[in-house]
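Participant: Quick one: sequence and predicted model below, then my questions.
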Amino acid sequence: MSPKFKNVSEVVTLVLAIIAIAFAIIQFVDSRHLQRSSQDLQNSSKILQQKIKFLLDETSTKYIGSFPYNMDDINSTLGRAQEEVCVLVDFPGYGHYSQPRKHRDYADKILQLRQAKKKVRMLFYSAAAQLAKVHDQFKPADWGKIRGTQAFKEFFGTYHPDQEAPNSYDGFINRLLGLQLEYERGLCNNGVEIEHIDQPSVLFLWLDDEDSAVFAINNGGGKDRELSFHTSDGKLIHSFRSMFDRFWDDNRSDPQRCPK
């Protein structure tokens with residue numbers, strides 16, 4: 001990561017963190033208010049909730065939830081693109097395990113853009129950074145719990161029936177990373193321009209032309225990782241575009257080679 005990009009990224013991250021905290025406070029206060037059991041407060045609670053929703057709907061930047069509940073907005077943003085989409089994210093198959101159905105919509109939207117001759121540039125983590133990230137998301141000590149979850153059973157039984165469910169932690173990790181490589185190969189072979197970054201990013205981006213964007217603050221693991229926002233703020237989008245272009249130029253390899 002270049003020092004110039006790092007400095008800009010840190011400043012923007014601080015600003016976005018303040019935004020996230022502000023929205024979190026609003027939601028916390030609202031939820032505490034709505035949890036009161038008194039029948040007399042129900043009507044006023046509904047009115048307050050409607051007012052807050054109206055105010056948030058009128059703002060140019062809105063909190064849309066944390067991963068993986070941000071994918072509807074991401075897919076909507078991709079679907080509105082007219083000329084170009086720029087994406088900065090960890091994996092080619094974003095959400096493929098946590099939200100496999102919505103991931104398919106996500107992948108379809110990107111391929112539809114290419115079929116319509118739209119430009120798509122995507123920045124992903126390098127293989128080493130992806131390995132570190134997936135180990136952080138799925139820890140060896142949790143393997144017994146992971147293999148017993150409904151998500152595990154549906155992923156291999158419903159969405160990837162051709163893939164035998166792994167019976168070991170290492171097999172599970174290798175299977176996930178192997179699928180990510182397949183996703184990247186498919187994107188690349190369909191004309192998506194791809195570069196890689198070696199360092200984790202504190203910010204994920206999905207930029208739709210110059211009109212709208214979804215951005216996520218990547219705050220690590222836990223229940224509320226990747227706090228996500230949708231924005232139509234022109235200045236913010238311009239800043240994100242400048243960051244993306246600088247990062248793209250810093251990590252550009254020529255010529256691009258699709259994974260084998």
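Facilitator: Great, that's in hand. Numbering: from 1, shown residues only.

Participant: Tell me where this protein has strands.
Facilitator: Using DSSP state E, the strands found in the chain span residues 61-66, 84-88, 119-125, 193-197, 203-208, 212-217, 227-231.

Participant: Can I get those strands in a markdown table including mean pLDDT, distance to residue 247 and mean neighbour count?
Facilitator: In this view, the C-beta of every residue, glycine as well, is placed from N, C-alpha and C. Shown next, in a markdown table, are the strands of the chain (pLDDT from 0 to 100; distance: least, Cβ to Cβ, whole Å; neighbours: other Cβ atoms under 10 Å):
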| stretch | mean pLDDT | distance to residue 247 | mean neighbour count |
| --- | --- | --- | --- |
| strand 61-66 | 88 | 21 | 18 |
| strand 84-88 | 96 | 7 | 22 |
| strand 119-125 | 96 | 6 | 20 |
| strand 193-197 | 94 | 7 | 18 |
| strand 203-208 | 94 | 10 | 22 |
| strand 212-217 | 92 | 14 | 23 |
| strand 227-231 | 91 | 19 | 22 |
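
Participant: Residue 167 is nearest to which of the ones you listed?
Facilitator: strand 119-125 (27.0 Å; Cβ to Cβ).

Participant: CA atoms only for the closest one, dumped as PDB, please.
Facilitator: Presented in PDB, the C-alpha positions along strand 119-125 are these (Å, rounded to 0.1, in the frame of the first residue of the first chain):
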ATOM      1  CA  LYS A 119     -16.700  -1.600 -18.000                       C
ATOM      2  CA  VAL A 120     -16.100  -3.500 -14.700                       C
ATOM      3  CA  ARG A 121     -13.000  -3.100 -12.600                       C
ATOM      4  CA  MET A 122     -12.500  -5.200  -9.500                       C
ATOM      5  CA  LEU A 123      -9.900  -5.100  -6.800                       C
ATOM      6  CA  PHE A 124      -9.600  -8.300  -4.700                       C
ATOM      7  CA  TYR A 125      -7.200  -9.500  -2.000                       C
END
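
Participant: That one pairs with which strands, and in what direction?
Facilitator: The strands beside strand 119-125 in its sheet (DSSP bridges) come out as strand 84-88 (parallel), strand 193-197 (parallel).

Participant: contacts for the first one?
Facilitator: Right, strand 84-88. With contact meaning Cβ atoms under 8 Å, 6 or more residues apart in numbering, strand 84-88 is reached by 78, 110, 113, 118-123, 197, 201, 203-209, 241, 244, 247-248.

Participant: picking up where we left off before, make CSV out of the strands paired with strand 119-125 and add distance to residue 143.
Facilitator: Putting those into CSV (distance: least, Cβ to Cβ, whole Å) gives the following:
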stretch, distance to residue 143
strand 84-88, 30
strand 193-197, 28
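
Participant: how about those strands, which one is nearest residue 131?
Facilitator: Here strand 193-197 is closest among the strands paired with strand 119-125 (Cβ to Cβ), at 12.7 Å.

Participant: quick check, distance from the closest one to the centre of its chain.
Facilitator: Its chain's C-alpha centre and that of strand 193-197 lie 16 Å apart, by Cα atoms, centre = their mean, to the nearest Å.

Participant: And the contacts of it?
Facilitator: Residues contacting strand 193-197 (Cβ under 8 Å, 6+ apart): 1, 88, 92, 119-127, 129, 184, 187-188, 247-248, 251-253, 256.

Participant: please redo it, this time with the cut-off set to 6 Å
Facilitator: 121-124, 126, 188, 251-252 (Cβ atoms under 6 Å, 6 or more residues apart in numbering).

Participant: No more questions from me, cheers.
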